[in-house]
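**Q** Return atomic coordinates for the entry below.
(one chain, ligands or ions: 1)
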Amino acid sequence: MSLVLDGKALASNIENELRTRVERLKQTTGRTPILATILVGDDPASATYVRMKGNACKRVGMDSIRVEMPQETTTEQLLAKIDELNANPDVHGILLQHPVPAQIDERACFDRISLTKDVDGVTCLGFGRMAMGEPAYGSCTPQGIMHLLEHHQIELAGKHAVVVGRSAILGKPMAMMLLNANCTVTICHSKTVNLAEHIRQADIVVGAVGVPELIKKDWIKTGAVVVDAGFHPTDEGGCGDIELDGIQEIASAYTPVPGGVGPMTINTLIRQTVEAAEAKVQS
Ligand code: NAP
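**A** This next block holds a predicted model:
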């Protein structure tokens, strides 16, 4: 039987710790950590994610400021709003919900967020610093995965990790974090030839492709650690990017879908906002 890397349980435990830290901040400084969320446009899935993030703030006693901007917002208008939040001393973290409408230069807007408020880990500066091993908030999904692996004492040094996907928010930072943890890392993507052969060599497989069950159970080496970042709603409650049915017979450890990687993402955002608020008090 394999170890279940239960993100739901870990996130819940971390929330309990965060509640205590937020309470301590309030009592010692009179300040409440505040996350500003920016939602541009009317994508219902994005609105749900922003609402979930606001709810997570409430659960640990933090406040959130919800900024909503219309679908026709320009890059200049969004940059001006980010400047305003950067300058607001009450705001400790800024989350710009991805994706923004197509007319907006999303990269320019992400990069406008101050490094000290980049609690979602989306800026090029933050990525570069993380890659170099300097302090920075990590992109939330891969950072949450690292936390889950570390919590379960999954051995990383010397292991061959195969990350499938190379997006700016997930695949690339994931690969860099695993490299920094002394894994030997292979990054696969849509142009990779013979994906199955790469995965067969992996001690750790991370599925971050956005295609339901693209990665087949038969490709996974016996004893590998399987991390599935994908989530696709189904009648049975959802599936990931990896075929997980029967994976217990093959993997030494795996993240369930749902309840594995997903809960760790918002948890990491909230944790990094609390850290930003604590850092501000100390500075
Ligand atoms: P994305 O931006 O669409 O990137 C997908 C990556 O997968 C790309 O690098 C793409 O390669 C690669 N890919 C696509 N088809 C492939 C194929 N047939 N073979 C090999 N590689 C392929 O997606 P993302 O934002 O990184 O998200 C990836 C998954 O993680 C999704 O299922 C998403 O729902 C999930 N996710 C979960 C959370 C969470 O909170 N749990 C957060 C973010 C994302 P190219 O670069 O060559 O196009």
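
**Q** quick one: L178 and H160 touch, right?
**A** No: the criterion here is C-beta atoms under 8 Å, and L178 misses it with H160 at 9.9 Å. No exception for glycine: its C-beta is placed from N, CA and C like everyone else's.

**Q** what residues does the stretch 1-150 of the chain put near the ligand?
**A** The stretch 1-150 of the chain comes close to the ligand at residues T141, as judged by C-beta under 6 Å from any ligand atom.

**Q** sorry, back to before: which one's more surrounded, L178 and H160?
**A** A direct count of neighbours by other C-beta atoms under 10 Å for L178 and H160 places L178 higher, at 26 against 17.

**Q** where's the more buried one relative to the ligand, distance?
**A** From L178 over to the ligand the distance is 15 Å, taken as C-beta to the nearest ligand atom, to the nearest Å.

**Q** what's the answer for V211, then?
**A** 5 Å.

**Q** Contact partners for that residue?
**A** Applying C-beta atoms under 8 Å, 6 or more residues apart in numbering to V211 gives the contacts G230, D241.

**Q** Same question for the one 3 residues further on.
**A** If you count contacts by C-beta under 8 Å, 6+ apart, L214 has them with V164, G207, D241, I242.

**Q** tell me, which of these make contact with the ligand?
**A** Answer for the contacts of L214 near the ligand (C-beta under 6 Å from any ligand atom): V164, D241.

**Q** related to what we said a few turns ago, overlap in contacts, L178 and H160.
**A** Both L178 and H160 are in contact with V185, I204, where contact means C-beta under 8 Å, 6+ apart.

**Q** for whichever strand or helix holds V205, the distance to its chain's centre please.
**A** V205 is located in strand 204-207, with elements delineated by DSSP states H and E. With C-alpha atoms, centre = their mean, to the nearest Å as the basis, strand 204-207 stands 15 Å off its chain's centre.

**Q** same question, stretch 273-282
**A** Centroid separation for stretch 273-282 versus its chain: 19 Å, with C-alpha atoms, centre = their mean.

**Q** What of stretch 73-92?
**A** On C-alpha atoms, centre = their mean, the centre of stretch 73-92 falls 22 Å from the chain's centre.

**Q** Now D42. Nearest residue, chain neighbours left out?
**A** Nearest residue to D42, sequence neighbours excluded (C-beta to C-beta, 6 or more residues apart in numbering): Q71, at 5.7 Å.

**Q** mind checking the backbone torsions on that neighbour?
**A** Backbone torsions of Q71, given as degrees, to the nearest 10, read phi -50, psi -40.

**Q** What about it, how many residues nearby?
**A** Residues near Q71, counting by other C-beta under 10 Å: 11.

**Q** so what pLDDT did it get?
**A** Per-residue pLDDT puts Q71 at 98.

**Q** Then Q282?
**A** On the pLDDT scale, Q282 gets 82.

**Q** Show the subsequent helix or strand relative to the strand holding V205.
**A** Next along the chain after strand 204-207, taking DSSP H and E as the criterion, comes strand 225-228.

**Q** If you count contacts, what does whatever helix or strand comes next after that following strand end up packed against?
**A** Next helix or strand after strand 225-228 toward the C-terminus (DSSP H and E): strand 253-254. Judged by 3 or more C-beta pairs under 8 Å, 6 or more residues apart in numbering; DSSP states H and E, strand 253-254 is in contact with strand 3-4, strand 225-228.

**Q** partner strands of the longest one, parallel or antiparallel?
**A** Spelled out, that is strand 225-228. Here strand 225-228 is paired, per DSSP bridges, with strand 204-207 (parallel), strand 253-254 (parallel).
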